[in-house]
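Participant: Any chance you could fold what I've pasted below:
(chains A and B)
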2 protein chains.
Amino acid sequence: MNALGRHLLLELKSCDKEVLNDIDALREALLAAATECGATVLGESFHQFSPQGVSGVVIIAESHLFIHTWPEYGYAAADIFTCGNSVQPERAAQVLMRRLGSQNHSMVEMRRGILGND
Amino acid sequence: MNALGRHLLLELKSCDKEVLNDIDALREALLAAATECGATVLGESFHQFSPQGVSGVVIIAESHLFIHTWPEYGYAAADIFTCGNSVQPERAAQVLMRRLGSQNHSMVEMRRGILGND
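Facilitator: Residues are numbered from 1 along each chain as shown, chains lettered A, B, ... in the order given. Below is the predicted model:
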């Protein structure tokens, strides 16, 4: 069954809390993840929240990666959405897990754009 | 069961193909969706692809909205990720469906950040 996109939804628990509140480290992690999976980076937008937490998106030619962090819980939600066969989103997931020091994670894959005749 | 975030994944089919390739209309649609659901907009990033298609993200204080469009298939993938009780992501979904003229859609809700004792 063909789909236009693959969408990995990562629940990253028991992460390094300092990294989860470090906007520069998170930007580097998302950019490294994008590069590692073979994507072409087009843009980014990161925001630091008070008293803690970061949201960030990296737009890639093949769709996007985003992350939202809750340092107080050692938790981050990350999504990796890719199109085409030239990228390997699992490699991006591995980079994020490693960089955030996640000791406990789960991952769901959604296939996006499964088109019929409608 | 408490979760930190609500994540609506929208499959928007049989959309208005002209709107799907109109970066300004899509930016307005996402910003209107964010406003309508009660979110606070922090930033945005939109990209027009050649020969067609648009990717766009609006970062909100409560997480994000994104859209990726395939005008050639009349299809768009849209996500609405919100945190907290002050926003109503279903209202954003209604705005996107209406603005894109989707005649056929499906929606899945994922709860993000369901934390145990780990």
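
Participant: now the worst-scoring helix or strand of chain A on mean pLDDT against strand B:41-48, angle please.
Facilitator: Ranking every helix and strand in chain A by mean pLDDT, DSSP states H and E puts strand A:41-48 at the bottom, with a mean of 93. Orientation check (axes from the mean of the first three to the mean of the last three Cα atoms, to 10 degrees): strand A:41-48 against strand B:41-48 gives 180 degrees.

Participant: Could I get the full set of helices for chain A?
Facilitator: Here chain A has its helices, by DSSP state H, at A:17-20, A:23-36, A:89-100.

Participant: For the ones you listed, could you give me a markdown table that also reports mean neighbour count and mean pLDDT?
Facilitator: C-beta coordinates here come from the backbone N, C-alpha and C atoms, glycine included. Output for the helices of chain A, formatted as a markdown table (neighbours: other Cβ atoms under 10 Å in any protein chain shown; pLDDT from 0 to 100):
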| stretch | mean neighbour count | mean pLDDT |
| --- | --- | --- |
| helix A:17-20 | 18 | 98 |
| helix A:23-36 | 19 | 98 |
| helix A:89-100 | 20 | 98 |
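
Participant: among those helices, which is nearest residue B:59?
Facilitator: helix A:23-36 (12.8 Å; Cβ to Cβ).

Participant: how big is the angle separating the closest one from helix A:89-100?
Facilitator: Taking the same axes, to 10 degrees, one finds helix A:23-36 and helix A:89-100 inclined to each other by 150 degrees.

Participant: which other residues reach helix A:23-36?
Facilitator: A:19-20, A:41, A:44, A:46-48, A:54, A:56, A:58, A:60, A:65-67, A:69, A:80, A:91-96, A:99-100 (Cβ atoms under 8 Å, 6 or more residues apart in numbering or on different chains).

Participant: Cool, thanks, talk later.
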